[in-house]
Every structure is written in C-alpha cells, then in structure tokens.
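Colleague: No letters, just coordinates:
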C-alpha cells in the first residue's frame, strides 16, 4: 500500500489514522462525536469492517453514512443493529464487560491519564464549569482499554487535573498530534513514539510535567493513500475534524 509523503498529510490526519489502527476487527467500541468518531469510521472502512460501534444515545451497531455532529443524529439509527435506552447501553453492554475499546477526551489530562471534564479551577469556585462526566466515568471504569485522542497543549495537559472526572487506570494510549504517550509501570504517561518533523522538545513544551521518554522510540507507520483519501473525500470532506 503506497504511503503518503509527510508533506501531503497533516499531523491531525496522522493522529486520526493512528487512532483508527488501534481498533481491531471485531472490537466493540464505545464512541462519542468528533475525532474519535472519525477514527472509528475510518477503521470500519479499512481494516475493521466487523467492528461494532455503540453510542451513548442507544444506537448499537451503527453504520453512519456521515460523521454525526451529535450522538442524537438520525444517521446513527439508520441501518443499526439495535436502538435501545441509555440504561441498556450502560448496564447490558458497558457494565457487563462487552466493550473492548472506549474513546475519551477532556479539558484536562494529567500525567497519570486522569481526565477532567467537570471544572477548571476549584470545584467550589471554578473559573470554568464544564459539561461534567456524562458517561465518561463509567466508560473509564468498565471499558477493557481506553484511548484518548486529543491535541497536545500545556493548558490541557497539566501535571495534575483540577478535578478527576474519569480515572486513568485503564488508559492504554494517548494519541496526540505530535506523538504517542503510554503509561509506564508506575502509570505515568511517557513518550513512546514521535511523529516525523516533531522534536522531543516540542512535546515537552506542550506538557505540564517533566516528560519521560521510552527509548528507543517506536517507529510510526505513516498514512497510506487510501486512508487519506477516505478522510478527505468521504468521511470528513469539509475538514471539520482534521484541518
């Protein structure tokens, strides 16, 4: 499969492709909207046609023809295996151990993979009050492995989150637009792969803690022509998530 030259893809596209490759054929994946959803649909269109997408709104086995702007989009219902209540999604699938992969993101991610979607600042007198957990806390507790897909930014990656909404113990990888972070034996996230054209110093500049580096850094398999073509022409033609 021909690979795309570095000048012909963006780091956000690379992040999406690498996230998609984390999904195995046959995986049951609990996913929300945005970039993780785009990654899931890329995986389903390439190497994982038998994956099952489950959305918090109750769509099980969804096969959306477009990237949905919300979990209430009717595109998730058309052709799905089942539409059920949120209670059934959480009790029968998530808490019953049926979810192999859970995608999460948040306003803050700390060095142990803990996620904050509750407040910025103190809980009693916050600078910003965020939407809260939704189903994120349950996903963090019950999905077999967690993936975080987000852009690196020092404000978003403090050493310690202001509030732990979702515990990071099951986080397996943090896939960013600069490189990949994975927990070491202590649970602390360390750099395990670096993208072409990105330096270790750039990653460090966008983290709020002293970066640990696992040497040697892993090689990154660059995007293939068909993956970039699918992203740009079919899955995200308006470049809403990968620009």
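Modeller: On my side now, so go ahead. All values derive from a computational prediction rather than experimental measurement. Residues are numbered from 1 along each chain as shown.
Colleague: Just list the residues touching residue 44, thanks.
Modeller: 51, 53, 63 (Cβ atoms under 8 Å, 6 or more residues apart in numbering). Where you see a C-beta, it was placed from the backbone N, CA and C, and this is true even at glycine.
Colleague: What separation do you get for it and residue 53?
Modeller: To residue 53, residue 44 is 7 Å away according to Cβ to Cβ, to the nearest Å.
Colleague: Flag the shaky bits of the protein, pLDDT-wise.
Modeller: Low-confidence segments of the chain (pLDDT under 70): 1, 4-7, 243.
Colleague: make it 80
Modeller: Residue ranges of the chain with pLDDT under 80: 1-7, 65-67, 239-243.
Colleague: In it, which residue is most central in space?
Modeller: The centroid of the chain falls nearest to residue 149 when counting by Cα atoms, centre = their mean (3.1 Å).
Colleague: Can you classify residue 233 by secondary structure?
Modeller: Secondary structure, DSSP: H, G, I helix; E, B strand; the rest coil: residue 233 is helix.
Colleague: and if you look at residue 193?
Modeller: For residue 193, the assignment made with three-state DSSP gives strand.
Colleague: Kindly state the beta-bridge partners for it.
Modeller: residue 180, residue 218 (DSSP bridges).
Colleague: Also residue 29?
Modeller: As for beta bridges, residue 29 partners with residue 53, residue 101 under DSSP bridges.
Colleague: picking up where we left off before, between residue 44 and residue 53, which contacts overlap?
Modeller: In contact with both residue 44 and residue 53: residue 63, using Cβ under 8 Å, 6+ apart.
Colleague: Strands of the chain, residue ranges please.
Modeller: Ranges of strands in the chain, per DSSP state E, are 28-30, 52-54, 59-60, 82-83, 101-104, 108-109, 115-116, 119-121, 126-129, 145-149, 171-175, 179-183, 189-194, 212-218.
Colleague: Centre of the chain to the first one, how far?
Modeller: Computed by Cα atoms, centre = their mean, to the nearest Å, the chain-centroid distance of strand 28-30 equals 12 Å.
Colleague: cool, and stretch 183-197?
Modeller: Here the centre of stretch 183-197 is set off from its chain's centre by 16 Å, with Cα atoms, centre = their mean.
Colleague: Touching it from outside, list them.
Modeller: 6, 11, 14, 111-113, 168-169, 171-172, 174, 177-182, 200, 203, 211-214, 217-220, 222.
Colleague: what do you get for stretch 236-243?
Modeller: Contacts for stretch 236-243 (Cβ under 8 Å, 6+ apart): 10, 12-13, 16, 34-35, 38, 67, 231-232.
Colleague: Next, the buried residues of it.
Modeller: 236, 241-242 (16 or more other Cβ atoms under 10 Å).
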